[in-house]
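Asker: Return a 3D structure for these sequence lines:
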Amino acid sequence: MQLEKLFTMQRALDKHIEMKHELQNDDLFDRKVLALLVEIAELANETRCFKFWSVKPSSDKQVILEEFVDGIHFILSLGIECGFHQHEPAIKTSPSGLSVTEQFLLINEKVGSFQKSKSLADFISVFEAYLELGSLLGITYEEMEEAYFKKNEVNYQRQQNNY
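Answerer: Below you'll find the model as predicted:
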């Protein structure tokens, strides 16, 4: 995964949004954490992995992929908030052996830990767990990157249209 490129693109988008909405002096960390948690929940809702009471299948892969990259945007943004983009952290994934539902719960725990610590180790742990979730959902790194690039463009268009 081209982390340096993704961080660069996210930094530019974050700067654009902060300038447009006059947020340069605001501490956005907790709002970004909450936004990430909401995006994770939206992704879980599209996978329907927890809906044991329903027979309706999960959304199409493209819908799941679009929701997934929303989470990537906020993870990168949180890393930028903490200055981790300057180090380009080494992100390594390995199969967790967990179900999709268990992986969602693990990610939520890891986000909570990161929110408290703001440590590089906890950031890497969130990112790795999230990428592992993507793998469990059948998403390749190439698909993640391509979808990120597309969604980044959409986010700029939304800002231009006063989203």
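Asker: from memory residue 123 sits against residue 113, does it?
Answerer: No. Residue 123 is not in contact with residue 113 according to Cβ atoms under 8 Å; the separation is 9.9 Å. Heads up, the C-betas are built off the backbone N, CA and C, glycines and all.
Asker: Neighbour count: these two, which is higher?
Answerer: For the pair residue 123 and residue 113, the greater number of neighbours falls to residue 123 (22 against 15), based on other Cβ atoms under 10 Å.
Asker: Can you give the contact residues for the helix or strand containing the more buried one?
Answerer: Element membership for residue 123, per DSSP states H and E: helix 120-136. Helix 120-136 is contacted by residues 1, 68, 71-72, 75, 78-79, 82, 84, 87, 89-96, 98-100, 103-104, 106-107, 110-111, 113-114, 141, 144 when judged by Cβ atoms under 8 Å, 6 or more residues apart in numbering.
Asker: again, but for stretch 65-82
Answerer: With Cβ under 8 Å, 6+ apart, stretch 65-82 has contacts from 6-7, 10-11, 13-14, 28-29, 32-33, 35-36, 39-40, 42-43, 46, 85, 89, 114, 118, 120, 123, 126-127, 130, 133-134, 137, 139, 143-144, 147-148, 151-152, 155.
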